[in-house]
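**Student:** quick one, what's the 3D model for this:
(one chain, ligands or ions: 1)
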Amino acid sequence: MADKKKGKEGKKPHKNKPTSKKYTKYKIVGEKVTRERSCPRCGHGVFLMSAKDRVYCGKCHYSEFGSKK
Ligand SMILES: [Zn+2]
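**Tutor:** Below is the predicted model of the structure:
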């Protein structure tokens, strides 16, 4: 009788991938879906990262300064 040891062979434990945070950019208020600001260059789907007083696109490096109040 061969004694099989369960070891490295077989199924690899798959790690959990970090889920996309894209859905956090969408908010559903009532029946309307409001989105965060998207990039005017890249179009919809590419959201601008909001910094302290500006927004920034990580894809095309577009940046826009926010309006001062
Ligand atoms: Zn862009």
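**Student:** the ion contacts on this structure?
**Tutor:** 39, 41-42, 57, 59-60, 62 (CB under 5 Å from the ion). In short, each C-beta sits where N, CA and C put it, glycine included.
**Student:** export those residues to CSV and tack on secondary structure?
**Tutor:** Formatted as CSV, those follow (DSSP: H, G, I helix; E, B strand; the rest coil):
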residue, secondary structure
C39, strand
R41, coil
C42, coil
C57, coil
K59, coil
C60, coil
Y62, coil
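**Student:** neighbour-wise, which of those leads?
**Tutor:** Among these, C39 has the most neighbours (other CB atoms under 10 Å), with 21 neighbours.
**Student:** could you give the mean pLDDT of the helix or strand hosting V55?
**Tutor:** Using DSSP states H and E, V55 sits within strand 54-56. Mean pLDDT, strand 54-56: 86.
**Student:** what's that strand packed up against?
**Tutor:** On a contact count with 3 or more CB pairs under 8 Å, 6 or more residues apart in numbering; DSSP states H and E, strand 54-56 meets strand 49-50, strand 63-65.
**Student:** for these, which one ends up most surrounded?
**Tutor:** Mean neighbours per residue, mean count of other CB atoms under 10 Å, is largest over those for strand 49-50, with a mean of 13.
**Student:** so what strands line up beside that one?
**Tutor:** Strand 49-50 sits in its sheet next to strand 54-56 (antiparallel), going by DSSP bridges.
**Student:** dump the residue contacts of R41.
**Tutor:** 57, 60, 62 (CB atoms under 8 Å, 6 or more residues apart in numbering).
**Student:** pLDDT weak spots in this protein?
**Tutor:** By pLDDT under 70, the weakly predicted segments of the chain are 1-8, 66-69.
**Student:** I'd say M49 and V55 touch.
**Tutor:** Yes. When contacts are counted by CB atoms under 8 Å, M49 is listed as touching V55 (6.7 Å).
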